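With the input below, show me the fold.
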Amino acid sequence: MTTTETGADAPASPDTTDATGATETVTVTDHDRGVHGYHEQKHEHLKRLRRIEGQIRGLQRMVDEDVYCIDILTQVSASTKALQSFALQLLEEHLRHCVADAAVKGGDEVDAKVKEATQAIARMMRT
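You can find the predicted model right below:
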């Protein structure tokens with residue numbers, strides 16, 4: 001999300017002056033303030049991760065109780081899918097927020113964020 005700040009919350013110097021003396025307005029974004037793409041969904045993400053954590057603890061219990069191998073593998077598959085789904089949601093939020101922020105700013109940051117996202121997608125596809 002991109003915002004132009006005014007008032008008490010605005011940075012002390014939102015304008016910059018280049019070598020020719022021209023003044024340029026600097027766009028301050030949520031990303032500049034350390035707000036990540038998942039910020040608005042943080043509570044839901046933590047709730048989801050706790051549920052996945054419970055699935056993993058369930059796997060430990062199943063092994064401890066000598067549950068049949070195929071039943072454990074079924075639960076491993078379910079846990080893996082839950083993590084993959086979480087990762088996909090996080091990636092979508094990264095694209096909508098962090099990559100979009102870089103696109104607004106332009107320059108080398110766009111290429112860096114696109115490369116970073118592409119590498120994350122490649123890692124997800126290997127699993």
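
Quick check: A78 touching I56?
No: between A78 and I56 there is no contact under CB atoms under 8 Å: 10.7 Å. Where you see a C-beta, it was placed from the backbone N, CA and C, and this is true even at glycine.

could you pull out the strands for the chain?
For the chain, strands defined by DSSP state E occupy the ranges 2-3, 15-17, 23-25, 28-29.

Which helix runs longest in the protein?
When secondary structure is assigned using DSSP state H, the longest helix within the chain turns out to be helix 69-94.

Work out the gap between it and the centre of the chain.
Taking the mean C-alpha point of helix 69-94 and that of its whole chain, the gap between them comes to 17 Å (CA atoms, centre = their mean, to the nearest Å).

In the protein, what residue spans correspond to helices?
Counting by DSSP H, the chain has these helices, from start to end: 42-64, 69-94, 100-105, 108-126.

Kindly reformat these as TSV containing mean neighbour count and mean pLDDT.
Conversion of the helices of the chain to TSV gives the following (neighbours: other CB atoms under 10 Å; pLDDT from 0 to 100):
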stretch	mean neighbour count	mean pLDDT
helix 42-64	12	96
helix 69-94	13	95
helix 100-105	17	88
helix 108-126	12	91
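
For L46, see how far away the residue nearest to L83 when sequence neighbours are not counted is.
Setting aside the residues directly before and after it, L83 is nearest to I52 in space (CB to CB, 6 or more residues apart in numbering), at 6.1 Å. I52 sits at a distance of 11 Å from L46 (criterion: CB to CB, to the nearest Å).

circling back to that earlier point, least confident of the strands of the chain, on average?
Per-stretch mean pLDDT for these is lowest at strand 2-3 (a mean of 41).
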